[in-house]
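>>> I would like to see how this sequence folds:
(chains A, B, C and D)
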Number of protein chains: 2
Amino acid sequence: MRDPVRTRESLLQAAFEEMHRSGFRGSDLETILRKVGVTKGAMYHHFDNKEALGYAVLDEVIAAITEEKWLSPLRNAENPIDALIAIFESGSLKPEHIRVGCPLNNMAQEMSPLDEGFRKRTARVFSAWHGALATALREGQRRSVVRQDIDPDETASFLIAAYEGYISLAKCFQDASQLRGGEKTLVRYLETLRPENADRTSQRRRSR
Amino acid sequence: MRDPVRTRESLLQAAFEEMHRSGFRGSDLETILRKVGVTKGAMYHHFDNKEALGYAVLDEVIAAITEEKWLSPLRNAENPIDALIAIFESGSLKPEHIRVGCPLNNMAQEMSPLDEGFRKRTARVFSAWHGALATALREGQRRSVVRQDIDPDETASFLIAAYEGYISLAKCFQDASQLRGGEKTLVRYLETLRPENADRTSQRRRSR
DNA sequence: CCGAACATACATACTGGTCGGTATGTTGGG
DNA sequence: CCCAACATACCGACCAGTATGTATGTTCGG
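Presented below is the predicted three-dimensional model:
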């Protein structure tokens, strides 16, 4: 009947969803508690305060999502470009997902200027993401499936920036096709990262 | 002594700065009033409520900034690529500016999912921005200073997304060099938009 | 041209709701 | 049996909004 770890997990998950939808400051603790079916006593038993809850959401939930969606697929990929295209194209563009945007970027944008703890944590996740991308690209260069004349670090930053930017626009315009177009653009960009004499011939098919 | 228009302008400016720093919901009306040296009576005389004040900040202050920084330079530019590079390189990367990020994107990210009025207004400014970019690129194609094989609308979306993405990362990492690197990447991208047989020869200088 | 009548442009004080946090109980499990 | 794991009730700060008062401009009849 009593299950502390489960209670903690439920709180984290509900807090993540609420904060994802309403932002950290806009999240109401009682709303989170109501969703979990637990009271403040439980919450303040597992977390010191609202801030600590937010930190935990970042360190555990959001970091885990990033790991699952980006780090893990890139770690054991024979060709990083193919892996990235797969990630992009499997990009969850459900309407509800577009309305709220990227949880990591949301947190970062809202809290970075206000709280150093949030800033460091979001920056850490972004760094991990960036590192995974750069490493995968470098490994791809070593295996000659990625062009040698690109800078992995710079390319990684670019991919993250453009991807987050597209998500932001889609969120504002509340339009999935916006994001869909962005993903297409990025996929086309990724194709240009293949070596010139690649076996794949599906490069440079400019439409319209 | 009494100057209604000036009072309104002061309120708008102070509200813009406060909302830029703390977000809309995080902004305290009394803080704004204290900065202006005016009381609530004045504010509620000029604006129906906090929401209306936020709308006015978007419609007037932020729209004006966008107009001045992007629309106007692009309107009367002989070469859109040169104009864009100039805008990027004159990009204000003061430390304080980096900490808070882009006012338009901040507003959009915070309020789009919560308030349709904010969403429409931010989307309208983004649309104007996008339209100005696309029009300038199309005009550049007509004058043969921009490659014919690119889609102006798609390129415009890409530029906005990437630019906003870089600003977001710089804000999170609290690092100007992040944004500086992004701007360099975008400038290099812009150079690739020139026609192949362009007079300019400074294309494709890849640096580390 | 002037002053009463009215509207505009503010100031001051207060209210009410929201929400994070706390103090204090109660119960279940090892 | 005792401490972790919760529940309940309440506090207090913050803050948008309001009610009301006041001073400054504007208009218009005489």
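
>>> please name the nearest non-neighbouring residue to A:G140.
Leaving aside its chain neighbours, A:G140 sits nearest to A:V146 (3.4 Å; criterion: CB to CB, 6 or more residues apart in numbering or on different chains). Any C-beta I mention is one placed from the backbone N, CA and C, and that applies to glycine too.

>>> A:T135 is in contact with that neighbour, correct?
No - checked against CB atoms under 8 Å, the pair A:V146 and A:T135 is beyond contact range at 11.7 Å.

>>> give me the more crowded residue out of those two.
A:V146 (24 against 17; other CB atoms under 10 Å in any protein chain shown).

>>> distance of the more buried one relative to A:G181?
25 Å (CB to CB, to the nearest Å).

>>> which SS class is the residue nearest to A:G140?
coil (DSSP: H, G, I helix; E, B strand; the rest coil).

>>> quick one: contacts for it?
Shown in contact with A:V146 (CB atoms under 8 Å, 6 or more residues apart in numbering or on different chains): A:80-81, A:137, A:140, A:193-195.

>>> mind putting those into JSON lines with neighbour count and secondary structure?
Listed next are those as JSON lines, based on neighbours: other CB atoms under 10 Å in any protein chain shown; DSSP: H, G, I helix; E, B strand; the rest coil:
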{"residue": "A:P80", "neighbour count": "26", "secondary structure": "helix"}
{"residue": "A:I81", "neighbour count": "22", "secondary structure": "helix"}
{"residue": "A:L137", "neighbour count": "26", "secondary structure": "helix"}
{"residue": "A:G140", "neighbour count": "26", "secondary structure": "helix"}
{"residue": "A:L193", "neighbour count": "19", "secondary structure": "coil"}
{"residue": "A:R194", "neighbour count": "19", "secondary structure": "coil"}
{"residue": "A:P195", "neighbour count": "15", "secondary structure": "coil"}
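
>>> what packs against the lowest-mean-pLDDT helix or strand in chain A?
Ranked by mean pLDDT, DSSP states H and E, the helix or strand of chain A with the weakest confidence is helix A:95-100, at a mean of 88. In terms of contacts (3 or more CB pairs under 8 Å, 6 or more residues apart in numbering or on different chains; DSSP states H and E), helix A:95-100 is packed against helix A:152-173, helix A:176-191.

>>> so is the longest one next to chain B?
Just to be clear, that refers to helix A:152-173. Yes - using CB under 8 Å from any CB of the partner chain, we find that helix A:152-173 touches chain B at A:154, A:157-158, A:160-166, A:168-169, A:171-173.

>>> strands of chain A, residue ranges please.
Counting by DSSP state E, no segments of chain A form strands.

>>> what's near enough to touch the residue most central in space within it?
Closest to where the C-alpha atoms of chain A average out (CA atoms, centre = their mean) is A:T66, at 5.1 Å. Neighbouring residues of A:T66 by CB under 8 Å, 6+ apart: A:104, A:125, A:128-129.

>>> any idea how far the spatially closest residue to A:H130 that is not a sequence neighbour lies from A:F173?
Once flanking residues are discounted, A:H130 sits nearest to A:A156: 4.9 Å by CB to CB, 6+ apart. From A:A156 over to A:F173 the distance is 26 Å, taken as CB to CB.

>>> low-confidence stretches in chain A?
The model of chain A has pLDDT under 70 over residues A:198-208.

>>> write out the residues of it neighbouring DNA strand D.
Contact residues, chain A versus DNA strand D (CB under 7 Å from any atom of the strand): A:2-4, A:7-8, A:37-42, A:45-46.

>>> again, only using 10 Å
Residues of chain A lying close to DNA strand D (CB under 10 Å from any atom of the strand) are A:1-8, A:10-11, A:30, A:33, A:36-46.

>>> list buried residues within the residues you listed.
A:7-8, A:10-11, A:33, A:36, A:38, A:42-43, A:46 (16 or more other CB atoms under 10 Å in any protein chain shown).

>>> those residues: which two are farthest apart?
Greatest spatial distance among those (CB to CB): A:R8 and A:L33, at 13.2 Å.

>>> residues in contact with the closest residue to A:C172 other than its chain neighbours?
Nearest residue to A:C172 in three dimensions, chain neighbours excluded: B:A108, at 4.2 Å (CB to CB, 6+ apart). Neighbouring residues of B:A108 by CB under 8 Å, 6+ apart: A:168, A:171-172, B:118-119, B:122-123, B:126.
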